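Trainee: Need the 3D shape of this:
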Amino acid sequence: MKVSTKVAVCMCPQWSLESPPLSLGMFNSTLLNCGFDSKIFDINLKTAKVCNVEEQQELWSATGHFLWTNTHSFNERIVPRFNKDWENFIEEISEYDIATFTTYFSNITVTDYISKKIFDINPNIHIFYGGPYCWSSRGDALYHRPWVKVLCDREGDNIIKELVMSYNLGNGYEKVKGIYIFDDQNQIKFTGDKYDVVDINNISIPDWGDLDLNEYAPFTYNKNPHIPLQGSRGCIAKCTFCAETRIYRYKTADILVKEIIELEKKYKINNFSFVDSLINGSMVQFKKLIETLSNLIENGTIKSLNMGGYARIHKDMDDKLMKKAAKAGFTWFSIGVESGTPKILEIIEKRQTREGIEQLWEACWRNGIRMDANWITGYPKENTIDWLVSLYFLYKNKKFIQNVPAGQYPAGMHMGAPLDAYRSVFNISDNMSIFNDWVTNNLKSNFINRFYRLKLTHLFLKTWKIFFSGFRDVGKSIKYINFHDKKSVFNLDEFKDWKTGYNGTFWTNHDNFKKHKIFYKVKDENYNVPYLEFANIPEDDEYDSSVNIVDTIKMTVRNEIRSWCWLIYQLSGPFDIEVEFDENYSELNIDGARLVSNFKFISTLDGNYNLFIKTKLKVDDTARQTIYIQNGGEEYENFDISFEDNFKDSGNMNDRYDNENYFQKKYGIPNYIDTMNTEKYKLNLKRTKLTGKY
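Mentor: Predicted structure coming up:
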């Protein structure tokens, strides 16, 4: 039996730099309380510290993880840049008995690189993997990692103690429940479910050891160090895209307040960020937390606080409560808005309305609280009209929007989440895929058009000077843009010169509102117009085998452009624009696939327009290996979806139907009516095996 087991608790890049990782502080605290020799290695932070500001902004931006996870960029850029800087960590950690690594999709490549180097130096070290990457990959992650001794896809609070104690006693890990190991025949073995649910009221307060928390300050929005808090685990919601467990547990307000006071006293830091999926899952405890903190601040027991976290739309999240929340120290909330389309909100099972979203947006705005509106583009069953309705919702509420985390991927599908478990409900194909990504049975939603839609969503936000996270350099794709109405907000010097990266959203600035109230008026929208006939025709969920597969994909990209130009025209008036996107799909680690698309839209004051689209998708032999298509009973692997499209369109934006009911008589229920039908799309799916986990 070892006298004192030495444990290295590690986090590799790329991960957030805004606060010390909570997992490291929690594991370190647990191990120290058990008498083990534990040390934190935040390799993520230390790697960023050797970079200049420009490198930090690029590699740790919202889209920076592409460079860490793409095989080519990792081998050709990341390793040569940081290999020397990692050598000292590798040498020091190799002298430990155990090294634990928290894994995410964004850091798994670096984690594999560093942990394998450590193992090569010391084959006797025991390497443990845990974290979200392990939850999604489960035991399969061990197949390609023989140097990893233990993989855990459960809550690790108690498991880490059992593992280190077992190591200390020399007993092996077979009796530790809830982990994956290699058996005597070198086969992957699951040790069995661990049924005791962690009572998070009893877990120890995080301890970050000798980490200097002030080193994280330069990477925060207010340049002050932040301490992460965890007030709950799981989620009460049932969002169909999410892999989060639906087993919700929370700390009582009293315990949370005690933890805040103790951490503030120990670290002399009053900035806190909740890492919960949902801080207001229990509105009773959330209200009590707000009430208690505001009273303690008022009577001088604690200093003023600066806090925020992920929250949910609720009828009680109104102006009155937000006023108290601001007094208690809440300065921001991150809300899963996801969409502004009633149909899509029902398909997501958000259990929230547009009116509820707008209530919280305005309540936060009135009380100086930033409300981040997390956004999803390209959800299953989201058609062109659904997308336009969502973008219009952002436009309509621009006065209250301070930030839209708009994503770096279009809607994705986690293995085991409801979208995956109930594919037929969402018209997702069971076996077809393009670039290893899901497609609908009719192929009208595929990664190519969804990613294009995502880029155009970002371009919409950029054009309207709404601050967002995602592809912030998307504006560089605009070759020129000109708005013909000289009195338009787009032609104001203040608007053209407004830098959202420094000043935030143009519309939330009170001075801008006072000076330019007329531009804050919201224009009505009418989707029942001849231009949008292509987008309003009800779709069949099944693929039309009479249409060429490549032509179907080509049309989906073309229609994204056509609809985007229409919306900008309706909201801004006549304009000219040329945009060029050049995508090599490194985001999916797809080699050999490239889309180059150029479109020009020209319009006049009387409504006449011309639209020119040139798009070329080139898919080589390597990329074709990620494509599997079915058509008329035939199966095609390595299918070539390369195409060139030269499209021209002209007409008048002011055209209207002579009979407002023309479209309905011709096609039935058009999409602009269908998108508002909440009863039709209401879901109540059972939790899956994954979301039933703890």
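Trainee: which residue is nearest the middle of this protein?
Mentor: G407 (5.1 Å; CA atoms, centre = their mean).
Trainee: If you drop the residues flanking it in sequence, what lies closest to that one?
Mentor: With CB to CB, 6 or more residues apart in numbering as the criterion, G407 has its nearest non-adjacent residue at 5.7 Å, and that residue is G470. Bear in mind the C-beta positions are built from the backbone N, C-alpha and C, glycine included.
Trainee: contacting residues around the closest residue to R351 other than its chain neighbours?
Mentor: The spatially closest residue to R351, leaving aside those adjacent along the chain, is A237, at 6.9 Å (CB to CB, 6+ apart). A237 makes contacts with 246, 278, 312, 336, 349-351, as judged by CB atoms under 8 Å, 6 or more residues apart in numbering.
Trainee: W365 now?
Mentor: By CB under 8 Å, 6+ apart, W365 lies in contact with 371, 399-400, 402, 508.
Trainee: Kindly report the same for M432.
Mentor: Applying CB under 8 Å, 6+ apart, the residues contacting M432 are 439, 441, 443, 628-630.
Trainee: returning to that earlier point: need the max-distance pair from the contacts of W365.
Mentor: Pairwise distances across those (CB to CB) peak at 12.2 Å, for the pair M371 and K399.
Trainee: which of these two has more neighbours?
Mentor: Remark: of M371 and K399, M371 carries more neighbours, 24 against 16, as counted by other CB atoms under 10 Å.
Trainee: picking up where we left off before, got JSON lines for the contacts of W365, with pLDDT too?
Mentor: Listed next are these as JSON lines, based on pLDDT from 0 to 100:
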{"residue": "M371", "pLDDT": "96"}
{"residue": "K399", "pLDDT": "95"}
{"residue": "F400", "pLDDT": "96"}
{"residue": "Q402", "pLDDT": "94"}
{"residue": "T508", "pLDDT": "94"}
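Trainee: Give the other helices and strands that whichever helix in the chain runs longest contacts.
Mentor: The longest helix of the chain (DSSP state H) is helix 549-572. Counting contacts by 3 or more CB pairs under 8 Å, 6 or more residues apart in numbering; DSSP states H and E, helix 549-572 packs against helix 384-396, helix 447-463, helix 533-536, strand 575-583, strand 593-603, strand 608-619, strand 643-652.
Trainee: Recalculate using a threshold of 7 Å.
Mentor: Contact here means 3 or more CB pairs under 7 Å, 6 or more residues apart in numbering; DSSP states H and E; on that basis helix 549-572 packs against helix 384-396, helix 447-463, helix 533-536, strand 593-603, strand 608-619, strand 643-652.
Trainee: Tell me, what's the model's pLDDT at the residue nearest to G407?
Mentor: At G470, the pLDDT value in this model is 85.
Trainee: same deal with E587?
Mentor: Looking at E587, its pLDDT is 64.
Trainee: got the contact list for the residue nearest to the centre of the chain?
Mentor: G407 is in contact with 375-377, 454, 470, counting by CB atoms under 7 Å, 6 or more residues apart in numbering.
Trainee: those strands in the stretch 201-350 of the chain, which residues are they?
Mentor: Applying DSSP state E, counting those that start in this stretch to the stretch 201-350 of the chain gives strands spanning 227-229, 232-233, 249-250, 271-274, 306-311, 330-338.
Trainee: what does the first one contact?
Mentor: Contacts with strand 227-229, where a contact means CB under 7 Å, 6+ apart, come from 19-20, 22, 259, 263, 267, 269, 271-275.
Trainee: Next: the fourth one.
Mentor: Taking contacts as CB under 7 Å, 6+ apart, the residues outside strand 271-274 that touch it are 18-19, 224-229, 231, 260, 305-310.
Trainee: Compare the residues you listed and tell me which is most surrounded.
Mentor: Most surrounded of the contacts of strand 271-274: other CB under 10 Å gives G231, at 26 neighbours.
Trainee: wait, isn't that one in contact with N280?
Mentor: No. G231 is beyond contact range of N280, at 9.5 Å (criterion: CB atoms under 7 Å).
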